[in-house]
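Engineer: need coordinates for the following:
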Amino acid sequence: MSKCSAQCGWRRAGGAVLLEVILAMSIFFAAAAVIVSGMTACVRSARSLKTEARAANLAVTLLSEIQMGLVPADDDGPNEYDDDEDMQGWTWQIVTSDIQETVDIGSLKQVEIIITSPDGKYVYRLVQLMPAGDEEQPESEYVRRDSLRTSWSSQ
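Structural biologist: Now for the predicted structure:
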C-alpha cells in the first residue's frame, strides 16, 4: 500500500467527520432557535394575559363600586388611577346611556366601564344594565343580574 493512498483515505474520513460535526451543530442550533422562539411566545402570552386579567379586575371593581353607591353612575373620565404606584398609567372611564325601551321594571341605564392599559394597546369594556335614577324598584320584580357582557379589544 502506498503512502499516498493511506493519507488520502485518512483525509476522506476526516472530511466526513467534519461534515457530520457541522450537520450536528446545524441541527442543534435549529432546535435551540425553535425552543427560544417558543419561550418568547410564552412570555409574551403571559404578559398579555396578565394585562387582560388586571383590566378585567379593575372593571369589575369599578362596576361593583357603582352598584354599591360609592361611585355615581354618571359619565366620567377618562381618569387615571392615582391610588397605587403599581397602577400608574391605567385609566378608567364611565359611559352611560339611557335605554328608551319601555319595560315593566322601570327605566334602565346602560353603564359601560372602559379600562385602558398604560401603553394604550389594550382596552377592556364591561357593560351592564342598571336601574336609572333614584326610582324605587318594586320588591316583587326581579331584575336579571346576568345581563353582564364583556368584550376585549386590542388596538
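
Engineer: all contacts plus neighbour counts: C-alpha atoms, from now on.
Structural biologist: Noted.

Engineer: centre-most residue in this structure?
Structural biologist: E52 (2.8 Å; Cα atoms, centre = their mean).

Engineer: next one: the helix or strand where that one lies to chain centre, how far?
Structural biologist: Following DSSP states H and E, the helix or strand that holds E52 is helix 3-68. Centroid separation for helix 3-68 versus its chain: 23 Å, with Cα atoms, centre = their mean, to the nearest Å.

Engineer: which helices and strands does it pack with?
Structural biologist: With contacts defined as 3 or more Cα pairs under 8 Å, 6 or more residues apart in numbering; DSSP states H and E, helix 3-68 has these neighbours: strand 108-116, strand 122-131.

Engineer: quick one: these as CSV, columns for distance to N57 too.
Structural biologist: Compiled in CSV, these are given as follows (distance: least, Cα to Cα, whole Å):
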stretch, distance to N57
strand 108-116, 10
strand 122-131, 10
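
Engineer: relative to P78, which of these is closest?
Structural biologist: P78 lies closest, by Cα to Cα, to one member of these: strand 108-116, at 8.4 Å.

Engineer: where does this protein dip in pLDDT?
Structural biologist: Low-confidence segments of the chain (pLDDT under 70): 1-14, 101-105, 133-155.

Engineer: please state the offset of the next helix or strand after the helix holding E52 from the chain centre?
Structural biologist: Using DSSP H and E, the helix or strand that follows helix 3-68 in sequence is strand 76-80. Between the centre of strand 76-80 and the centre of its chain there are 20 Å (Cα atoms, centre = their mean).

Engineer: after strand 76-80, which helix or strand is next?
Structural biologist: strand 91-99.

Engineer: so what strands line up beside that next one?
Structural biologist: Paired with strand 91-99 in the same sheet, following DSSP bridges, are strand 76-80 (antiparallel), strand 108-116 (antiparallel).

Engineer: out of those, nearest to I66?
Structural biologist: Across the strands paired with strand 91-99 (criterion: Cα to Cα), the nearest stretch is strand 108-116, sitting at 9.3 Å.

Engineer: if anything else comes up later, I'll come back, but that's it for now.
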